[in-house]
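J.: Quick one, fold the following:
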Amino acid sequence: MHHDITDLRQFYYQRSLGRVVQRILRDRLVTRWPPGGCTGMTVAGFGFAAPMLRPYLATARRVTALMPGPQGVMAWPAGMPNHSVLCDESAWPLEAGSVDRLVILHGLETSDDPKALLAEAWRVLGPGGRMIVMVPNRAGLWAASDRTPFGLGRSYTAGQIETQARRAGFVPEWHGSAVYIPPSDRRFWLGSAQMWERTGKRISRVLIAGVVLIELSKQVRAPIGPEMRVHVPSPREILDGVVGPRPARAPLGRNVQHLRDGKQDPSRIVSTCP
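T.: Next comes the predicted model:
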């Protein structure tokens with residue numbers, strides 16, 4: 001089951017609860033990746049990550065919001081040149097190794113093939129590139145409620161998402177959690193959301209968050225093997241074509257020593273006496 005673009009847009013841009021969640025998740029993202037630190041980079045998002053990408057429009061070299069076909073696509077950002085594109089979840093219109101930062105929100109939990117999705121994320125990320133995945137927390141209230149987008153699809157624990165990411169070749173760099181308020185539109189919870197977020201960071205083992213966050217990196221090892229061996233030429237190869245040296249004549253002192261030792265044939269000694 002996939003999200004519908006109309007429901008996502010209504011939740012994040014029209015409902016007060018959705019706007020609070022958008023601000024919470026975006027604050028956590030820019031804490032990890034300050035927009036100033038992404039100057040000149042290529043930033044992309046998959047699923048419905050467009051609300052997370054707005055802070056990078058002013059500094060990044062390129063910002064792209066990738067939206068899966070079953071979900072649908074919307075023009076984004078409003079009033080500006082379009083940065084969104086409709087695509088297949090396992091075939092993104094991006095060159096291999098062209099992305100520096102990638103955000104996945106409402107993409108992995110509803111994917112038909114999470115393994116293929118993560119493989120595509122690996123393909124487009126460059127060496128040393130980083131990705132943050134935001135998924136519903138299996139132990140949280142948000143995954144149990146169908147009144148928000150986090151109640152649709154699979155939910156994860158931190159260990160489950162890390163295991164799946166490792167199998168795809170990613171290296172976990174950081175774990176986090178967010179959205180500690182219940183999925184309620186009551187004004188008390190909306191007004192105290194930031195206080196609950198600060199409290200949740202300190203006692204996350206007591207308060208159960210609605211969203212699990214994990215930051216992953218793509219680390220590529222230098223290739224090793226026979227094809228990478230360095231060939232060091234031998235002196236014979238370097239001096240190919242040069243005439244080899246002739247054996248040197250024995251020094252006179254050596255012949256005299258032979259005479260003293262009596263090792264030279266006396267018949268071959270020529271007398272110099274008159």
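
J.: beta partners for the residue nearest to residue 45 when sequence neighbours are not counted?
T.: Once flanking residues are discounted, residue 45 sits nearest to residue 103: 4.2 Å by CB to CB, 6 or more residues apart in numbering. Every C-beta, even on glycine, is put in place using the N, C-alpha and C of the backbone. Assessed by DSSP bridges, residue 103 has beta-bridge partners residue 45, residue 132.

J.: now residue 103: how far from residue 38?
T.: 11 Å (CB to CB, to the nearest Å).

J.: before we move on, what about residue 31?
T.: For residue 31, the distance to residue 38 - CB to CB - is 13 Å.

J.: So which of these two has more stuff around it?
T.: Legend: neighbour count by other CB atoms under 10 Å for residue 31 and residue 38, higher for residue 38 (19 against 9).

J.: residue contacts, that one?
T.: Applying CB atoms under 8 Å, 6 or more residues apart in numbering, we find residue 38 in contact with 56, 59, 60, 100, 101.

J.: Kindly recompute the last result at 10 Å.
T.: 30, 55, 56, 59, 60, 61, 63, 100, 101 (CB atoms under 10 Å, 6 or more residues apart in numbering).

J.: quick one: which two of those are the most distant?
T.: 30 and 61 (17.5 Å; CB to CB).

J.: Find residues that contact each of residue 103 and residue 38.
T.: If you check residue 103 and residue 38 against CB under 10 Å, 6+ apart, the residues they both contact are residue 56.

J.: and residue 64, what helix or strand is that in?
T.: strand 62-68 (DSSP states H and E).

J.: same deal with residue 27?
T.: Residue 27 belongs to helix 16-32, assigned by DSSP H and E.

J.: Nearest residue to residue 182 in space, please, no chain neighbours.
T.: Nearest non-adjacent residue to residue 182 (CB to CB, 6+ apart): residue 141, at 5.3 Å.

J.: my read: the one you found touches residue 211, true?
T.: No - if you go by CB atoms under 10 Å, residue 141 and residue 211 don't touch, sitting 11.1 Å apart.

J.: Compare the two (neighbour count), which wins?
T.: Taking other CB under 10 Å, residue 141 and residue 211 do not tie; residue 211 has more neighbours (24 against 19).

J.: Please look at the more buried one and residue 29 and confirm they touch.
T.: No - counting by CB under 10 Å, residue 211 sits too far from residue 29 to count as a contact (11.5 Å).

J.: what do the two both touch?
T.: 105, 134, 176, 178.

J.: tell me the two of those that are most distant?
T.: 105 and 176, at 13.6 Å, using CB to CB across those.

J.: Compare neighbour counts for the two and give me the winner.
T.: Counted by other CB under 10 Å, residue 105 and residue 176 do not tie: residue 105 has more neighbours, with 27 against 19.

J.: how about the more buried one, what does it touch?
T.: Residue 105 sits next to 8, 12, 22, 25, 29, 45-53, 132-135, 149, 211, 213 when contact means CB under 10 Å, 6+ apart.

J.: go on, residue 102?
T.: 42-46, 49, 64, 66, 92, 94, 121-122, 124-125, 129-133, 216, 218.

J.: what are the ranges of the strands in this structure?
T.: Along the chain, counting by DSSP state E, strands occupy 42-47, 62-68, 84-87, 99-105, 125-136, 171-178, 211-217.

J.: Including distance to residue 187 and mean pLDDT, could those go into a markdown table?
T.: Converted to a markdown table, the strands of the chain look like this (distance: least, CB to CB, whole Å; pLDDT from 0 to 100):
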| stretch | distance to residue 187 | mean pLDDT |
| --- | --- | --- |
| strand 42-47 | 29 | 98 |
| strand 62-68 | 31 | 97 |
| strand 84-87 | 32 | 96 |
| strand 99-105 | 26 | 98 |
| strand 125-136 | 24 | 96 |
| strand 171-178 | 21 | 94 |
| strand 211-217 | 22 | 96 |
